[in-house]
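Peer 1: What follows is a predicted protein model with its sequence.
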Amino acid sequence: MMKLADYLDSTYLKTPKQSGLSDSQTLEKVHQLTREAIANDFYAVMIRPDYVRSVKMMIDEFKSSVKLGTVIDFPEGRNSVSEKLAEAQRAIADGADELDFVIDYNAFKSGNLEKIKEEIESCTRLGLNFDKTVKWIIETAALSDDEIAGYAIMAPTIRRPKAVTVYFVARFDRPFHAFAGWKEGQLISGNDVIEGAATGVKPREGGSRGRGVLTCTDRCCRWLV
């Protein structure tokens, strides 16, 4: 039987300034969610790098199997590759099991793909060299009102024997104010995320009937707005 806790994590990424708490109150909140994750045998806790060492000590003290994840260059991802690497190295030394790197979304938007390639290759190599789980994320809050982010998993072909994940950001010629779509022939509305095979989305301007349609018929797609 599937154990739901194996797929759950406890996450707290607010700074003291964002939450209105003191440094000590924020640390206690992080420790509290860690205790909850340990008590419920969750898969992981996800916290800011500043708290990794303290939480690692707690997990070890309880002899827990809960994984420890952290974010790198969160939330904007604008730091240089060397700064990302340095922050990741500190997190690894402090005991992190998983590194979630924020991609330099603005470099991607401006067409600086060389930086994107360099940071993904360099930072991923660092994590894998230390047997860490590595993820690359885009903060959807950074998207403007005329953009959609997502990915599609392209099925293997004769010339491409392995499945390939293609990430994208689609920009429209004007802002949209509503978001609808479909999955396997069923209409979906009121969601910020639509995912699965045979999916599509249709952004709408105000009261208009919509200006753009994006579809996916391959193995898996995920649309974010």
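Peer 2: Yep, that arrived.

Peer 1: which ones are touching L85?
Peer 2: Each residue near L85 by Cβ atoms under 8 Å, 6 or more residues apart in numbering is listed here: S122, C123, L126. Where C-beta positions appear, they are placed from N, C-alpha and C, glycine not excepted.

Peer 1: In CSV, list the residues you listed along with pLDDT.
Peer 2: CSV is the format used below for those (pLDDT from 0 to 100):
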residue, pLDDT
S122, 96
C123, 95
L126, 97
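
Peer 1: Can you flag the buried ones in the residues you listed?
Peer 2: Buried members of those, scored by 16 or more other Cβ atoms under 10 Å, are C123, L126.

Peer 1: Verify the stated contact: V71 with D50.
Peer 2: No: taking contacts as Cβ atoms under 8 Å, V71 lies outside contact range of D50: 10.8 Å.

Peer 1: Who has more neighbours out of these two?
Peer 2: Between V71 and D50, counted using other Cβ atoms under 10 Å, the more crowded position is V71 (24 against 17).

Peer 1: Can you name the residues bridging to the more buried one?
Peer 2: Beta-bridge pairing for V71 (DSSP bridges): D100.

Peer 1: got the CA positions of stretch 185-194 in PDB?
Peer 2: Provided in PDB are the C-alpha atoms of stretch 185-194 (Å, rounded to 0.1, in the frame of the first residue of the first chain):
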ATOM      1  CA  GLY A 185     -11.100  15.900 -23.300                       C
ATOM      2  CA  GLN A 186     -12.400  17.400 -20.000                       C
ATOM      3  CA  LEU A 187     -12.500  21.200 -19.500                       C
ATOM      4  CA  ILE A 188     -10.700  22.600 -16.500                       C
ATOM      5  CA  SER A 189     -11.000  26.100 -15.000                       C
ATOM      6  CA  GLY A 190     -10.100  27.800 -11.800                       C
ATOM      7  CA  ASN A 191      -6.600  26.100 -11.600                       C
ATOM      8  CA  ASP A 192      -3.200  27.700 -11.700                       C
ATOM      9  CA  VAL A 193      -1.600  24.400 -12.800                       C
ATOM     10  CA  ILE A 194      -2.700  21.900 -15.400                       C
END
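
Peer 1: what distance separates it from the centre of its chain?
Peer 2: Stretch 185-194 has its C-alpha centroid displaced from the chain centroid by 20 Å (Cα atoms, centre = their mean, to the nearest Å).

Peer 1: got it, and stretch 87-94?
Peer 2: On Cα atoms, centre = their mean, the centre of stretch 87-94 falls 19 Å from the chain's centre.

Peer 1: what about the residue lying closest to W182 once chain neighbours are set aside, how many neighbours?
Peer 2: Counting by Cβ to Cβ, 6 or more residues apart in numbering, G200 is the residue found nearest to W182 once chain neighbours are left out, at 5.5 Å. Taking other Cβ under 10 Å as the criterion, the count of residues near G200 is 17.

Peer 1: could you say which helix or strand contains G200?
Peer 2: Taking DSSP states H and E as the definition, one finds G200 inside strand 199-204.

Peer 1: Can you give the strand pairings for that strand, parallel or anti for each?
Peer 2: Strand 199-204 pairs in its sheet with strand 178-183 (antiparallel), strand 214-216 (antiparallel), by DSSP bridges.

Peer 1: Dump it to PDB, restricted to CA.
Peer 2: Coordinates of each C-alpha in strand 199-204 appear next as PDB, following Å, rounded to 0.1, in the frame of the first residue of the first chain:
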ATOM      1  CA  THR A 199      -3.600  18.700 -22.100                       C
ATOM      2  CA  GLY A 200      -3.900  22.300 -23.300                       C
ATOM      3  CA  VAL A 201      -4.400  25.800 -22.000                       C
ATOM      4  CA  LYS A 202      -6.200  28.900 -23.200                       C
ATOM      5  CA  PRO A 203      -5.400  32.200 -21.600                       C
ATOM      6  CA  ARG A 204      -8.200  34.800 -21.800                       C
END
